[in-house]
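*Asks:* heads up, no residue letters with this:
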Ligand code: MG
Ligand code: ZN
C-alpha cells in the first residue's frame, strides 16, 4: 500500500468514526449586566479570598470556559451605542436589530420570531427560567411581543399563549386578578398553601386570572418548592414570589426555605425538558444587573456566586453529552464596575530581601487593592436595596444619620464617618426634570456630585450614594447607574464543529442568528 493511499484510508476511517450526533439541546445562560469586570470579581474572589468556597480556587465558569470557545460580543441596539435588556434579549433571540425597550419586534416594530419559537415549531420543548420576574425584559425577549417592556401584564399572556413548556420565575403580581378577593374559590386554597409567604397584591388592571387561564390550557401551576417537587411533566408555570425572586444575599439568610433557588429551578427545568426531540432553555441570572445598577459590590458578588451555581448545574448535566450546546453570555455590562487602585490607606513601607532591594524598603505610591476587601464584600448581610427599603419605610423623624450609620454597619461591617453619611442624605434640584416621567418627574432628588446624568432612577439614587460611600473601603469603583457598551464575554460550549463557528468578535444579532441557523441545520439533518 503506498503512503498516500494509506493516509487516505486512515482519514476516511477517522471521519466515519467521529461521532456526529446531531445537536438537539440548546441552553443559554444569561448573566444580566455581566461584563468581564463582574466575572473578574467572581474569579478574584474564588482565587484570592480567605472565605472562597472553591477548594480548588476555580469557579465552574472557568471549568466550562476551558472546554469552550470564548470571544466577545457587542450588545448595542439599533442606531444607538448601548442597550437595555429588552432590546438585547430580542436581538440575541431573533438575530434582528431593535430599539431599546422593545420586546420581540424589530426596529421597525414588526414582530420577530425568537429562537425559542423556532425551536418550538420544530418540535423541541422550550423553557424560560429567571430569578427576576417571569414577565421581566430578558425572558420576555424570548417569548413575548410587546411595544414596551413595561407591559408585563400583556407579556404574561404572551408567554402562556406561546405554550412555553417550562416557565419558572417570580412576579406573580402580573398573573392574578386586580380584585383578587372576588376570586375566592381559586385563591383561598392557594392562599393557605403558599401566599401567606408573600404579599397578595395584583399589578393587573383587569380581573383576568392568568393562573386559572394557564391551568385551562393544560399548565400545572407551582408556587413553592414543595409544589415543584410534585411536578413530573410539562407544561408548568412556576411563580415563586410577589415581585422579583430573592437576591443572592437574601438567599444566604435562609428566610424562605420554600422558595426554590435559581440553580434548583435550572435543575428541575433540565429534568422536565429532556426528551428525544431536544429542547431550548434560557436561564437568566438577572440580579447581577440589579446589584450593579445600585452600585452594590457586596450584592454583586453574591449574584455572581448564584450565577456560577447555575453554570455548575448546567455543566454537570451537559458534560458527557454530544447533543447539547451551551451559550454563556450577558446582554450588556451594568455599572461600569471595577476594582481599582487608589489613594486610600497607602500601605506602609516593608523591607524586601531580593537582590536589587537588599533589605531596602518597598513602598508603592498607591493602594492596589487588598485581598480582604473581597471577604468584606462576601460578608454583606443586606443588599443596599434592602437598606434603602428599610430607610424609606421609616417615619421622617427617624431618618437620622445615626440610624443610617447603624444599619450600614450591621449590614456591611463598615463604619462610615458622619460626613460620608451626610453626603448620602444631601438633596438637590433635579436638572433633568421631565414632566410625568416615572423616575425623572421629581423636582428634587439625592445629590450626585459626579456625572449625575447617569443616575436616572430618581429617589433610588440613594442606593448608589451608599455604594459610592462604601466603594473606597471595598476597593471598587463605579462609572454609572445604568448600562455600558463594554463588550461582554460570549462563551460557546459544545461539539467542536459547532463551537468553532464562533471565532470573531461578535454582536448579539450576529451570534443570535448563527445559533438560529445551527438549530435549523441540525433539525434538517445537515
Ligand atoms: Mg434581565
Ligand atoms: Zn439593567
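*Replies:* Noted; the coordinates are in hand. Nothing here was measured: the structure is a model prediction, and the numbers come from that model. Ligands and ions are numbered 1, 2, ... in the order given.
*Asks:* From the contact counts, what lies against the helix or strand hosting residue 464?
*Replies:* Assigned by DSSP states H and E, residue 464 belongs to helix 461-474. Packed against helix 461-474, as judged by 3 or more CB pairs under 8 Å, 6 or more residues apart in numbering; DSSP states H and E, are the following elements: helix 297-318, helix 372-378, helix 384-392, helix 401-412, helix 418-425, strand 444-446. For the C-beta atoms, the positions are set from N, CA and C on the backbone; glycine is no exception.
*Asks:* One more pass at 7 Å, please.
*Replies:* Secondary-structure packing of helix 461-474 (3 or more CB pairs under 7 Å, 6 or more residues apart in numbering; DSSP states H and E): helix 372-378, helix 384-392, helix 418-425, strand 444-446.
*Asks:* right, and those - which one's nearest ligand 1?
*Replies:* helix 384-392 (15.5 Å; CB to the ion).
*Asks:* now the end-to-end length of stretch 347-362.
*Replies:* One end of stretch 347-362 sits 10 Å from the other (CA to CA, to the nearest Å).
*Asks:* For residue 85, grab the count of nearby residues.
*Replies:* For residue 85, the count of nearby residues is 30 (other CB atoms under 10 Å).
*Asks:* quick one: it and residue 140 touch, right?
*Replies:* No - counting by CB atoms under 7 Å, residue 85 stays clear of residue 140, with 8.8 Å between them.
*Asks:* how much distance is there from the helix or strand where residue 226 lies to the middle of the chain?
*Replies:* Here residue 226 sits within helix 225-230, counting by DSSP H and E. Computed by CA atoms, centre = their mean, to the nearest Å, the chain-centroid distance of helix 225-230 equals 24 Å.
*Asks:* do stretch 58-67 as well
*Replies:* How far stretch 58-67 lies from its chain's middle: 18 Å, per CA atoms, centre = their mean.
*Asks:* next one: stretch 206-214
*Replies:* On the basis of CA atoms, centre = their mean, stretch 206-214 sits 28 Å off its chain's mean C-alpha point.
*Asks:* Partner strands of the longest strand along the chain and their direction?
*Replies:* Looking across the chain with DSSP state E, the single longest strand is strand 125-133. Sheet pairing of strand 125-133 (DSSP bridges) gives strand 166-170 (parallel), strand 279-285 (parallel).
*Asks:* what sits against residue 211?
*Replies:* 175, 176, 221 (CB atoms under 7 Å, 6 or more residues apart in numbering).
*Asks:* Surely the first one is in contact with residue 155?
*Replies:* So that's residue 175. No - using CB under 7 Å, residue 175 makes no contact with residue 155, being 10.5 Å away.
*Asks:* shared neighbours of those two, which are they?
*Replies:* Common contacts of residue 175 and residue 155 (CB under 7 Å, 6+ apart): none found.
*Asks:* Could you tell me the end-to-end distance of stretch 378-389?
*Replies:* Using CA to CA, the distance between the terminal residues of stretch 378-389 is 21 Å.
*Asks:* Need the contact partners of that stretch.
*Replies:* Contact partners of stretch 378-389, identified using CB under 7 Å, 6+ apart, comprise 45, 49, 51, 247, 249, 291, 294, 296, 298-299, 301, 407-408, 411-413, 462-463, 466-467.
*Asks:* low-confidence ranges in the stretch 101-250 of the chain?
*Replies:* Low-confidence regions of the stretch 101-250 of the chain, defined by pLDDT under 70, span residues 182-199.
*Asks:* Do a quick rundown of the strands in it.
*Replies:* Using DSSP state E, counting those that start in this stretch, the strands of the stretch 101-250 of the chain run over residues 125-133, 166-170, 220-222, 236-239.
*Asks:* picking that back up, show me which parts of the helix holding residue 226 are buried, residue by residue.
*Replies:* By neighbour count on 16 or more other CB atoms under 10 Å, the buried set for helix 225-230 is 225, 227, 228.
*Asks:* Give me the domain ranges for this structure.
*Replies:* 25-337+484-524, 370-477 (automatic domain parsing).
*Asks:* ok, and the closest non-adjacent residue to residue 146?
*Replies:* Among residues not flanking residue 146 along the chain, residue 103 sits closest, at 4.6 Å (CB to CB, 6 or more residues apart in numbering).
*Asks:* Provide a list of residues in contact with the one you found.
*Replies:* Taking CB under 7 Å, 6+ apart, we find residue 103 in contact with 86, 90, 137, 140, 141, 144, 145, 146, 149, 155.
*Asks:* Distance of it relative to ligand 1?
*Replies:* 12 Å (CB to the ion, to the nearest Å).
*Asks:* Residue 140 versus that residue, what's the distance?
*Replies:* Separation of residue 103 from residue 140 (CB to CB, to the nearest Å): 5 Å.
*Asks:* Same check on residue 416?
*Replies:* 38 Å.
*Asks:* can you check residue 82 too?
*Replies:* Separation of residue 82 from residue 140 (CB to CB): 19 Å.
*Asks:* Name the residue in the two with the higher neighbour count.
*Replies:* Applying other CB under 10 Å to residue 82 and residue 140 shows that residue 140 carries more neighbours, namely 30 against 18.
*Asks:* Please tell me I have it right and the more buried one contacts residue 150.
*Replies:* No - Residue 140 sits out of contact with residue 150 when judged by CB under 7 Å, with a separation of 10.3 Å.
*Asks:* quick revisit: ok, the residue nearest to residue 146 to residue 402 distance?
*Replies:* Distance, residue 103 to residue 402, by CB to CB: 45 Å.
*Asks:* which intervals of the chain have sub-threshold pLDDT?
*Replies:* 1-20, 182-199, 525-526.
*Asks:* Which positions in it make contact with ligand 1?
*Replies:* Proximity of the chain to ligand 1 (CB under 5 Å from the ion) is limited to residues 32, 85, 138, 286.
*Asks:* With secondary structure added, can I get those residues in a markdown table?
*Replies:* Shown next, in a markdown table, are the residues of the chain next to ligand 1 (DSSP: H, G, I helix; E, B strand; the rest coil):
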| residue | secondary structure |
| --- | --- |
| 32 | coil |
| 85 | helix |
| 138 | helix |
| 286 | coil |
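*Asks:* From the contacts of residue 103, which land in helices?
*Replies:* Judged by DSSP state H, helices contain the following of these: 86, 90, 137, 140, 141, 155.
*Asks:* what residues are up against the first one?
*Replies:* Put plainly, it is residue 86. Neighbour list for residue 86: 101, 102, 103, 137, 140, 141, 149 [criterion: CB under 7 Å, 6+ apart].
*Asks:* Residue 249 contacts residue 299, doesn't it?
*Replies:* Yes - with contact defined as CB under 7 Å, residue 249 counts as touching residue 299 (5.6 Å).
*Asks:* gap between whichever residue of the stretch 151-300 of the chain sits closest to ligand 1 and residue 227?
*Replies:* Nearest to ligand 1, among the residues of the stretch 151-300 of the chain, is residue 286, at 4.0 Å (CB to the ion). Between residue 286 and residue 227 the distance is 22 Å, computed by CB to CB.
*Asks:* Alright, calling it a day.
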